[in-house]
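Undergrad: Following is a predicted model, sequence given first.
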Amino acid sequence: MKFRIKATCCMITLMALCFGAGGSALISITFHTSLQQEKTAAQESYRMILNTLQVVNNMGKWTDEKDISKILEQLSAQDAFGAALQLHSQTETLYSKGTIAAHFKNLSDHMDTSHLACTIFSAPDFHYYLQLSGSFFVGKKAYYLDAAYDISSIYEARTRQQDLYQQIFVILIVACACLSYILAFFLTRPLARLSKASREIASGNYDFRSKVKSNDEVGAVSRDFDLMADHLQKSIEDLQESMERQNLFIGNFTHELKTPMTSIIGYADLLRSQSLSKEDEIDAAKYIFSEGKRLEHLSLKLLDIFVSKNESFTLAKASPADITTSLVNHLKPVLAGEHITLTCACEQGYCMLDTDFFGSLLVNLIENARKALSEGGNITITSVMTAQGCQIKVSDNGRGIPPMALSHITEAFYRVDKSRSRAEGGAGLGLTLCAQIAKMHHGTIAFESKEECGTTVIVDLKGGLA
């Protein structure tokens, strides 16, 4: 059952209970109030007759029962006794008027000289009557006077009220059902929108949003749902992008393995199956060795990336200037042989670093700068302290990086110039490792480059000051 149907049924039930209880109570109170008023009027009329008889008796105006009957006849002529009147003793009826008198009940056991007995009965004419009974004494003999008053109008009024109430009740219930359903429809329409949004997202339409514009709880749920859907869509897009990068990584990795493995297998088979000259054997062995070293270099790079992503590491107090200066002094002679000048300008200070990975970061950045200097040049390293750690800049005056390639150069196996990188033994993993090391230190890596003018790599490490 839909929620709007449940809400409608609840509102109809509540309306029926409240209106039913209230209407029934009102009719009942009105009926009993009218009945009490009728009883009061009848008792006053009856007491007038009874008091008249007692006064006449005290004055000695009658001597036997016939005198009493004459007095009642005179009173009844005034129509003050109601529908019927009857005077009787324990043994006989002295006076009776009205057809209803035959239906009087004997109430002598329920009265005394100071109290009246009262009851209500229905007659064959389908009318309701109020019977009042009292007693008085003539000498030592007790007489009983019964009077009946027609109160059918009160019951008829109650019946009319009940009929009218039932008609109004039915009309109100129908109107309440219609209005309740309309109200529940508009109140639950945002929920239907949310339900549709859930189904759309479940079917793969991640762009669909509920967009319920209200300031109530349903609107808050809608906004939270749309926010969740935004995060879900972003997560799915990130996952798809990650899968694409993973597939690209696997494809590139397979390609990187295929070329050297094909060469190694080919030359090994040549050495195994054919007789070669000493010179050819040496060339084949050199090629197998160089391709093996290339595979070793590739595996070590991948291992470094894996370790940086998955292994736990500890940041310790270290001096970026000392590490940089030591590394530069070690590499200067090597690069000088390639007509490359390596210099550094480092600000003294301490921050939190993983020294091993920091050294690897510098080595990879210097190596990439070296590859950009095909005919010699300058590489400059600067190190400054920041409020959150340190900033490293590695600049060269080499061939630069095309603008289209700047957003991809930290991707695994990506090369700006594939033929030149392969000839120099690069696998396209150095900057990937650098980006991961910067991430380990809660930092960032950025590139500024202009073709044929050079490149500057800016690494912000935010491991904190020591």
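TA: Perfect, I can see it now. Numbering: from 1, shown residues only.
Undergrad: Show me where the chain has its strands.
TA: Ranges of strands in the chain, per DSSP state E, are 84-88, 93-97, 117-122, 128-138, 141-150, 316-318, 340-346, 351-353, 377-385, 390-396, 444-450, 454-461.
Undergrad: The second one pairs with which strands, and in what direction?
TA: Spelled out, that is strand 93-97. Applying DSSP bridges, strand 93-97 is found paired with strand 84-88 (antiparallel).
Undergrad: between the strands of the chain, which one is nearest to residue 240?
TA: Nearest of the strands of the chain to residue 240, taken as C-beta to C-beta: strand 444-450 at 24.0 Å. In short, each C-beta sits where N, CA and C put it, glycine included.
Undergrad: Quick check: buried residues in that closest one?
TA: Within strand 444-450, the residues scored as buried using 16 or more other C-beta atoms under 10 Å are 445, 449.
Undergrad: Extract the residue ranges of the stretch 201-350 of the chain that are flagged as low pLDDT.
TA: The stretch 201-350 of the chain contains residues with pLDDT under 70 at 245, 248-259, 294, 297-298, 301-312.
Undergrad: Count the neighbours of residue 146 for me.
TA: Other residues near residue 146 come to 25 when the count uses other C-beta atoms under 10 Å.
Undergrad: and residue 89, backbone torsions?
TA: In terms of degrees, to the nearest 10, the main-chain angles of residue 89 are phi -110, psi -170.
Undergrad: What does the pLDDT read for it?
TA: Residue 89 carries a pLDDT score of 79 in this model.
Undergrad: next one: residue 153
TA: On the pLDDT scale, residue 153 gets 90.
Undergrad: quick one: contacts for residue 281?
TA: residue 271 (C-beta atoms under 8 Å, 6 or more residues apart in numbering).
Undergrad: and it, how far is that from residue 447?
TA: Distance, residue 281 to residue 447, using C-beta to C-beta, to the nearest Å: 45 Å.
Undergrad: swap in residue 22?
TA: Taking C-beta to C-beta as the criterion, residue 22 is separated from residue 447 by 80 Å.
Undergrad: Count the neighbours of residue 362 for me.
TA: Counted with other C-beta under 10 Å, residues neighbouring residue 362 total 25.
Undergrad: which stretches of the stretch 101-250 of the chain form helices?
TA: With helices called from DSSP state H, counting those that start in this stretch, the stretch 101-250 of the chain shows them at 152-202, 217-273.
Undergrad: Looking at these, which is nearest to residue 45?
TA: Nearest to residue 45 among the helices of the stretch 101-250 of the chain is helix 152-202; the distance by C-beta to C-beta comes to 16.0 Å.
Undergrad: That closest one versus strand 117-122: what angle between them?
TA: Relative orientation of helix 152-202 and strand 117-122, computed by axes from the mean of the first three to the mean of the last three C-alpha atoms, to 10 degrees: 70 degrees.
Undergrad: And helix 152-202, how far out from the chain middle?
TA: 28 Å (C-alpha atoms, centre = their mean, to the nearest Å).
Undergrad: coming back round to it: Throw the helices of the stretch 101-250 of the chain into a markdown table and include mean neighbour count and distance to residue 370, thanks.
TA: Below are the helices of the stretch 101-250 of the chain laid out as a markdown table (neighbours: other C-beta atoms under 10 Å; distance: least, C-beta to C-beta, whole Å):
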| stretch | mean neighbour count | distance to residue 370 |
| --- | --- | --- |
| helix 152-202 | 14 | 51 |
| helix 217-273 | 13 | 21 |
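Undergrad: Residue 364 and residue 222: what is the separation?
TA: The spacing between residue 364 and residue 222, counted by C-beta to C-beta, is 49 Å.
Undergrad: same deal with residue 126?
TA: In terms of C-beta to C-beta, residue 126 sits 64 Å off from residue 222.
Undergrad: now residue 94
TA: Computed as C-beta to C-beta, the residue 94 to residue 222 distance reads 89 Å.
Undergrad: Over to residue 177?
TA: For residue 177, the distance to residue 222 - C-beta to C-beta - is 28 Å.
Undergrad: Equivalent analysis for residue 180, please.
TA: As judged by C-beta to C-beta, residue 180 and residue 222 stand 23 Å apart.
Undergrad: Ok, residue 14 next?
TA: Per C-beta to C-beta, residue 14 is found 28 Å from residue 222.
Undergrad: again, but for residue 284
TA: 71 Å.
Undergrad: which residues sit in contact with residue 450?
TA: With contact set as C-beta under 8 Å, 6+ apart, residue 450 has these partners: residue 400.
Undergrad: coming back round to it: tell me which of the strands of the chain lies nearest to residue 54.
TA: strand 128-138 (5.4 Å).
Undergrad: Now the closest one: buried residues?
TA: By neighbour count on 16+ other C-beta under 10 Å, the buried set for strand 128-138 is 128, 129, 130, 131, 132, 133, 134, 135, 136, 138.
Undergrad: Parallel or antiparallel, list what pairs with that strand.
TA: Counting by DSSP bridges, the strands paired with strand 128-138 are strand 117-122 (antiparallel), strand 141-150 (antiparallel).
Undergrad: what comes into contact with the last one?
TA: Under the criterion C-beta under 8 Å, 6+ apart, residues 38, 42, 45-46, 49-50, 53, 68, 81-90, 94, 98, 100-101, 104, 107-108, 111, 127-137 lie in contact with strand 141-150.
Undergrad: Of those residues, select the buried ones using a PyMOL command.
TA: Buried residues within these, by 16+ other C-beta under 10 Å, are selected in PyMOL with:
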select buried, resi 38+42+45+46+49+50+53+68+81+82+83+84+85+86+87+88+94+98+100+101+104+107+108+111+127+128+129+130+131+132+133+134+135+136
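Undergrad: got the contact list for the residue nearest the centre of the chain?
TA: In the chain, the residue lying closest to the centroid (C-alpha atoms, centre = their mean) is residue 221, at 4.5 Å. Taking C-beta under 8 Å, 6+ apart, we find residue 221 in contact with residue 194.
Undergrad: try residue 313
TA: Per C-beta under 8 Å, 6+ apart, neighbours of residue 313: 354, 357, 440.
Undergrad: Then residue 388?
TA: 442, 460, 462, 463, 464, 465.
Undergrad: Kindly indicate which of the residues you listed lies nearest residue 316.
TA: residue 463 (9.4 Å).
Undergrad: wouldn't residue 373 be in contact with residue 400 here?
TA: No - the criterion here is C-beta atoms under 8 Å, and residue 373 misses it with residue 400 at 11.2 Å.
Undergrad: sorry, back to before: make JSON lines out of the strands paired with strand 128-138 and add mean pLDDT.
TA: Formatted as JSON lines, the strands paired with strand 128-138 follow (pLDDT from 0 to 100):
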{"stretch": "strand 117-122", "mean pLDDT": "87"}
{"stretch": "strand 141-150", "mean pLDDT": "84"}
